[in-house]
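Student: Have a look at this fold, sequence not included:
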């Protein structure tokens, strides 16, 4: 146990007078340590990018599966509604015509809502409000930067 304490003390104590070759060895060792550190960082970055690429692929696959399931569910609901309408009307032709009319009304309603939203976004009032908001944000950022510069100049004058 006493021998271990001596070896630990010897390893922890610096050389009293390091030579120039020792300095070069330490610089070389520092270079290798930095290379190993950045090599590990690059390896970690490559692994994270691989995971992200895999996650994007899985997200696209999940989106496709959700779309297929949504279309399947919609078709199933339309089929059930068709059966109910056929039983109610007593005719498949009237049931299918009613479904077609409902789908066309839904389609036109969606188109009108989309056009209305696009119209709201392009109104002059909306554009002017957007421009005013951007100008206010820019002005506030410029005053904040100017205040920070002024505070930094005051601190430099004190030193």
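Tutor: Happy to help now that I have it. Note that this is a predicted model, so its numbers are computed, not measured.

Student: longest helix of the protein?
Tutor: helix 20-89 (DSSP state H).

Student: helices or strands next to it in the packing?
Tutor: helix 92-121 (3 or more Cβ pairs under 8 Å, 6 or more residues apart in numbering; DSSP states H and E). Glycine gets a C-beta too; all of them are placed from N, C-alpha and C.

Student: I'd like to know which elements the helix it packs on is packed against.
Tutor: Counting contacts by 3+ Cβ pairs under 8 Å, 6+ apart, helix 92-121 packs against helix 20-89.

Student: Taking helix 92-121 as reference, get the angle to the helix it packs on.
Tutor: 140 degrees (axes from the mean of the first three to the mean of the last three Cα atoms, to 10 degrees).

Student: how much distance is there from helix 20-89 to the middle of the chain?
Tutor: Centroid separation between helix 20-89 and its chain, computed with Cα atoms, centre = their mean, to the nearest Å, is 11 Å.

Student: Helix or strand, whichever it is, which one in the chain has the lowest mean pLDDT?
Tutor: Of all helical and strand segments in the chain, the minimum by mean pLDDT, DSSP states H and E falls on helix 2-12, at a mean of 51.

Student: mind showing which ranges of this protein have poor pLDDT?
Tutor: Low-confidence segments of the chain (pLDDT under 70): 1-20, 124, 152-159.

Student: If anything else comes up later, I'll come back, but that's it for now.
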